[in-house]
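[1] I need the structure of the sequence given here:
(one chain, ligands or ions: 1)
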Amino acid sequence: MTAVHAPGAPLIVDGRLVSTSPARGEEVGRVPVATGADVRAAVERARVAGDWWAGIGFTGRRERLLRWRSRIARRMEELAGLAHAEGGKPVGDAVVEILTALEHIDWAARNARRVLGPRRVRSRLILAEFTGQLEYQPYGVIGVIGPWNYPVFTPIGSAAYALAAGNAVVFKPSEYTPVVGQWLVDRFAEVVPEQPVLTAVHGLGEVGAALCRSGVAKVAFTGSTATAKEVMAACAESLTPVLLEAGGKDAMIVDADADLDAAAEACVWGALTNAGQTCIGIERVYAVDQVFDAFVDKVVTKAGRLTVGPDDADLGPITMPSQLDIIRRHIEDAIARGGRAVLGGPDAVQPPYVHPTVLVDVPEDADAVREETFGPTLTVTRVRDVDEAVERTNALPYGLGGAVFGRKRAVAVARRLRSGMASVNSTLTFAGMSTLPFGGVGDSGFGRIHGADGLREFGRAKAITRRRARSLLPSMTFERTPADVARLVKVAKLLYGRGR
Ligand code: NDP
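    Okay, here's the model as predicted:
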């Protein structure tokens, strides 16, 4: 079937969401659209499934999750092909995305017990007659809402950790990538046939909104900042906690002692991979004066060599047709305000493709510097020194990731970035390190996926104290005497009253 609408734009036919290729418009697959009642029913079923899943314990979950990982790994070419067909990204990019997702499933499965399982916690002198126990218990049902740009990596970044923590998950994939979302769920059902522990509900934004109001115990949302606010507002009605992974406008800083070839190579990758449709993609560069010209030359040479097109090209189409207007507006606005395109420019927008565009001399108040462009474009700005670079980088409300190239000061500069993550002498690498948390500050959201923090995000801390001896100095009892209270005063002064 060939759809008669903008290639890639979702279409609803007879209650089914038809997913189409943004490159050619052909159908990739179709899934049923959920009603509000369907969403509530899915959450009810997941509640029962979640009890069962929690009951099989860390060992049972680990074994199932590792089997899910293996299933996906063994069929990764098929999944990469689907992600390519449905979202338009080159197969090579899809393979890297799937590899990263597999690593996250593996780590979450293997480490959930260590991070979340019951453990003794020592008490101090106060209440020394008690021991503490801490564990992180599953919430129940987690609603995962995902975007289209990394349709495997982003939902798995939440879902694998939520599942490893003992929760059931109801997943709402983006309307642009429902087939990939359903594929992941189907592979899970093969290894966990007993109960609907991971299920998908499909449809447009209203299905996501229904999921927020469906009685899930927590919502893990990845998507734009504007939608994140709607999700938080909907969840506020029932005090449902939220984890928000929202947009970004990540910057890269190039210091005077940077390896410029490595910096240019990583910059071109970080900015243009997935045609720039990457939340942690590099959209701005601040290069210090001494290296600015040489750096720009190298970036233009490398970016200018990239191919753009439907199949084996380096850059595929823009997945969401409406984004093309935003990308064009950002380029035109930058040029209208005195910027120059040293590669590409307004003509680079050739729907459904955008060719690499590098802009210089763009003022800091231009849309191309302040707003998420989500296309294969980049502004490179000359700065006096790294202090100015840090100041400009931190001037936006977004704060997701970032990169620093340099030797002596690079790590110190990375620590000064107002962001949740940063990479030194590479770009985007923190996303693939399963042992590190991932998440933003400010308009980029809050909460963390990945790593130990990512596991804890999906468990409620449960604290238990247990008496192990009689209290020598009774305090929390009506049996205490005035003499006990006097001794408590003495102890308090001895322990805490010292110093100035
Ligand atoms: P959107 O915010 O448009 O959509 C994200 C998801 O939310 C989709 O499944 C969407 O459904 C759903 N949705 C839409 N409206 C509502 C609503 N009112 N209530 C609940 N859910 C709703 O983002 P995109 O899909 O366009 O993704 C791109 C954005 O995601 C970029 O801003 C990017 O930076 C960000 N992103 C952030 C990441 C991070 O980790 N911080 C990672 C990857 C992307 P539907 O598609 O059906 O409208």
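
[2] Setting the sequence-adjacent residues aside, check what's closest to Ala262.
    Asn425 (6.5 Å; C-beta to C-beta, 6 or more residues apart in numbering). The way it works is simple: take the backbone N, C-alpha and C, and place the C-beta from them, glycine included.

[3] One more: His355?
    Spatial nearest neighbour of His355, excluding adjacent residues (C-beta to C-beta, 6+ apart): Ala348 at 4.0 Å.

[4] quick one, what contacts the one you found?
    Ile331, Ala341, Val354, His355, Pro356, Thr357, Thr377 (C-beta atoms under 8 Å, 6 or more residues apart in numbering).

[5] re the thing from before, any idea how far Ile156 is from the residue nearest to Ala262?
    Asn425 sits 27 Å away from Ile156, going by C-beta to C-beta, to the nearest Å.

[6] Please say which of the two ends up with more neighbours.
    More neighbours surround Ile156 than the other of Asn425 and Ile156, with 29 against 18 (other C-beta atoms under 10 Å).

[7] give the contact list for that one.
    Contacts for Ile156 (C-beta under 8 Å, 6+ apart) come out as Ala101, His104, Ile105, Leu184.

[8] Now name the helix or strand holding the third one.
    The one in question is Ile105. Assigned by DSSP states H and E, Ile105 belongs to helix 91-116.

[9] That helix packs against which elements?
    Applying 3 or more C-beta pairs under 8 Å, 6 or more residues apart in numbering; DSSP states H and E, we find helix 91-116 packed against helix 57-74, helix 76-87, strand 130-138, helix 153-164, helix 451-456.

[10] Out of these, indicate the one that is most buried.
    Sort the helices and strands packed on helix 91-116 by mean neighbour count, taking mean count of other C-beta atoms under 10 Å, and helix 153-164 sits at the top with a mean of 29.

[11] neighbouring contacts of the helix or strand following that one?
    Counting by DSSP H and E, the next helix or strand C-terminal to helix 153-164 is strand 168-172. If you take C-beta under 8 Å, 6+ apart as the criterion, strand 168-172 is touched by 39, 42-43, 46-47, 49-50, 53, 140-146, 155, 158-159, 162-163, 181, 184-185, 195-203, 207-208, 211, 214, 216.

[12] So which of those sit within helices?
    39, 42-43, 46-47, 49-50, 53, 155, 158-159, 162-163, 181, 184-185, 207-208, 211 (DSSP state H).

[13] of these, list those near the ligand.
    Counting by C-beta under 6 Å from any ligand atom, Gly208 from those sit close to the ligand.

[14] where does the stretch 251-400 of the chain come near the ligand, residue by residue?
    Applying C-beta under 6 Å from any ligand atom, one finds that the stretch 251-400 of the chain approaches the ligand through Cys279, Glu372, Leu400.

[15] ok so, going back, listing partners with orientation, what would you give for the helix or strand that the helix holding Ile105 is followed by?
    Using DSSP H and E, the helix or strand that follows helix 91-116 in sequence is strand 119-121. Paired with strand 119-121 in the same sheet, following DSSP bridges, are strand 130-138 (antiparallel).

[16] CA atoms only for the partner strand, dumped as CSV, please.
    What follows is strand 130-138, C-alpha atoms only, in CSV (Å, rounded to 0.1, in the frame of the first residue of the first chain):
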residue,chain,number,x,y,z
PHE,A,130,18.9,-1.3,66.3
THR,A,131,20.0,-2.5,62.9
GLY,A,132,18.7,-1.1,59.7
GLN,A,133,17.6,-2.8,56.6
LEU,A,134,17.1,-1.1,53.2
GLU,A,135,15.6,-2.4,50.0
TYR,A,136,14.0,-0.9,46.9
GLN,A,137,10.6,-2.4,46.3
PRO,A,138,8.8,-2.2,42.9
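
[17] Run through the residues of the stretch 1-150 of the chain sitting next to the ligand.
    So the stretch 1-150 of the chain meets the ligand at Ile145, Gly146, Pro147, Trp148, Asn149, Tyr150 (C-beta under 6 Å from any ligand atom).

[18] rerun that using 5 Å as the cut-off
    Residues of the stretch 1-150 of the chain lying close to the ligand by C-beta under 5 Å from any ligand atom are Ile145, Pro147, Trp148.

[19] Which among these count as buried?
    Among these, those scoring as buried are Ile145, Pro147, Trp148 (criterion: 16 or more other C-beta atoms under 10 Å).

[20] so the first one makes contact with Thr222?
    Yes: using C-beta atoms under 8 Å, Ile145 is in contact with Thr222, at 6.9 Å.
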